[in-house]
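Undergrad: Next comes the sequence, and after it the predicted model I'd like to discuss.
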Amino acid sequence: MPRNTLSLYTMIIHQFYDKGLAHASYAVIRNAKMIVIDPSRDPQPYYDFARLHEADITGVIETHPHADFVSSHLEIHQTTGAVIYTSKLAGANYPHECFDDGDIIHLADIKLRAINTPGHSPDSICILLQDENGYDKALFTGDTLFVGDVGRPDLRENAGNITAKKEELAKQLYHSLHEKVMVLPHHIIAYPAHGPGSLCGKTTSADLQSTIGREVKENYALQEMSEQAFIKMIVADQPFVPHYFGFDVDLNKKGAPAFQQSINAVLKAGTALEKNIQVIDTRPKEEFRQGHVKGAINLQDGEKFETWLGSIIQPNERFYLIAATNEILDTVIKKAAKIGYEQNIKAALISTGGNEQSAIIDIDDFKTSPERYTVVDVRNWNEINDGKIFSHALTIPLPELRGRLDEIPADKPIVVHCAAGYRSAAAASIVAGKINSVPVYDLNEAIVEFEVTS
C-alpha cells in the first residue's frame, strides 16, 4: 500500500492539547518518519496520528522531566523502538540518547537541534526545527517559554537528578531567555508545552502558540530589566505546588509503566471499605450531599480533577475512587493515571450513596449575621492576597486544608467558600469529615453574591 503522499512530501507539525492539565505535546512528521515531543501518559493518540499519516515513530524528545504530568516516552520506546532523546543533565534511568547544545536529530531532510535552556529546571532544553532549506522555522520551548509567560523556577528545589534553589534557577532562566531564546530570529514560531491554567507558570495566555518576536515585544518576563529585577519578579507570587509534582519528576526520570496495563490493573469491584483509607467521591455535589460515605471527599469529576486530586492526596497515599457510573469511573481512573496516581487506587467503585448527608446553608441567615459563623476561605494565596471576601475568615487554601484542620474552631457553625463552588465542595467535605459537633456548610455558588471587602 503506498504511503500517504501528504506525509511523504510535506512537513507536518501537529499539536495535541490536554485541557485538563493545560499540556501541549507535538508530533513532527517528515517523509513518513515521526518525532513526538513531550508526550502525555496515554500514547494512543500518537499511534493513531502516525497511522493516519502512514508514518513510523522514530523518536521521542523530552524537554525535561515533567512535574505536572506523567509522560509515555518509555512506553512509546518499548512499543515502537523509537529512540528517546533528553538532556544528559536529566539523569534519565531509561534507555536514551543525550540531546544537548549542538546535538542534531535528522528527520529525513529536516533538523531538530537541541538548545540547553536551564531555568524552569536545571535540565531543560528547547528544540529548534530547521526545514529542508535550512530555514529556522519553529522552537519547541518546553516549559522555558510560554505564550505571555515563562516557566516557574521553584519546582526543582527538592526533586530530580539535579536540585537548585529557585533564585539560582531564576538566574539561569534569565540568561537562557536573553542569550539563547530572545536572540533567535523573530519569525520563528514558538510552541510551548503548556497553555492557560497550567501551574508551571503564572499568567499564561489563552493562545497555544506565538512567535519569538511577539514574545519579545509582549511577554512581561522578556521586557528590559536587570538580572536581579527579573529574579525578584519571577520568584514572587508563583502558584501553589501540588503534592504530586516532585513525585512526577522522579517517575518521569525513570519512566512510567505502560498506560493501559496500569489502568487495567486497578481493582474494580464492590468491596467493604477499609477504615483509615481516604475515599474520593467524584459525583456531582448535589448527589454527594444527599448521601455519601462518612469522611469521603467530594472531588467532582471536572476539567481540573487530576490537578486537585494531586493537590489533596499525597503521592504515597492509598485511596478509594467512587463514581456514579462505570463510564465515569473509567474516566476518572484515566485522569488519575495522567499524574501517576492509578497505582494509589485501593479500589474503584460505583456509588451506592451512603448514610451521611451534607448540611444545607440558610443563605438568608448567613447574609444577615455572618459573624455568627466561622468562615473558612479555601481560595489560593494569590486570590486571598487580592482581598478577602469576609474580613473575619480563616484563610486556608484547599491544598493545605487537610494538614490544618486543627486550626478551625468548632464553637460555631462553619461556612466554607472559594471563588465559584468547585473547591468549596471538596473543602466542606474535608472539614465535615473531621468536625461533626457543628454543621459544616458549603457556600457554593452563592459566593458570587458577595464582594471582596479588603
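TA: Perfect, I can see it now.
Undergrad: Let me see the ranges of the helices in the stretch 101-250 of the chain.
TA: 166-176, 212-218, 227-235, 245-254 (DSSP state H, counting those that start in this stretch).
Undergrad: Including distance to G197 and mean pLDDT, could those go into JSON lines?
TA: Just so you know, the C-beta spots here come from the backbone N, C-alpha and C atoms, and that holds for glycine as well. Formatted as JSON lines, those follow (distance: least, C-beta to C-beta, whole Å; pLDDT from 0 to 100):
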{"stretch": "helix 166-176", "distance to G197": "21", "mean pLDDT": "97"}
{"stretch": "helix 212-218", "distance to G197": "19", "mean pLDDT": "98"}
{"stretch": "helix 227-235", "distance to G197": "19", "mean pLDDT": "97"}
{"stretch": "helix 245-254", "distance to G197": "15", "mean pLDDT": "96"}
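Undergrad: CSV for the ones you listed, including distance to S87 and mean neighbour count?
TA: As requested, the helices of the stretch 101-250 of the chain are exported to CSV (distance: least, C-beta to C-beta, whole Å; neighbours: other C-beta atoms under 10 Å):
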stretch, distance to S87, mean neighbour count
helix 166-176, 13, 21
helix 212-218, 21, 17
helix 227-235, 21, 16
helix 245-254, 12, 21
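Undergrad: can you tell which of those helices is closest to G102?
TA: Among those, the nearest to G102 by C-beta to C-beta is helix 166-176 (15.5 Å).
Undergrad: so the closest one versus helix 227-235, what angle?
TA: Here the directions of helix 166-176 and helix 227-235 differ by 120 degrees (axes from the mean of the first three to the mean of the last three C-alpha atoms, to 10 degrees).
Undergrad: same for helix 166-176, what does it pack against?
TA: With contacts defined as 3 or more C-beta pairs under 8 Å, 6 or more residues apart in numbering; DSSP states H and E, helix 166-176 has these neighbours: helix 227-235.
Undergrad: at 10 Å what do you get?
TA: strand 110-116, strand 149-150, helix 227-235 (3 or more C-beta pairs under 10 Å, 6 or more residues apart in numbering; DSSP states H and E).
Undergrad: Out of these, which is closest to V60?
TA: strand 110-116 (11.7 Å).
Undergrad: Could you list the domains of the protein?
TA: 5-248, 257-350, 363-449 (automatic domain parsing).
Undergrad: Most tightly packed of those domains?
TA: Using mean count of other C-beta atoms under 10 Å, the stretch among the domains of the chain with the largest mean neighbour count is domain 5-248, at a mean of 20.
Undergrad: Relative to A296, how far out is I115?
TA: Taking C-beta to C-beta, to the nearest Å as the measure, I115 falls 48 Å from A296.
Undergrad: residue ranges with poor pLDDT in the stretch 101-250 of the chain?
TA: The stretch 101-250 of the chain contains residues with pLDDT under 70 at 160-163.
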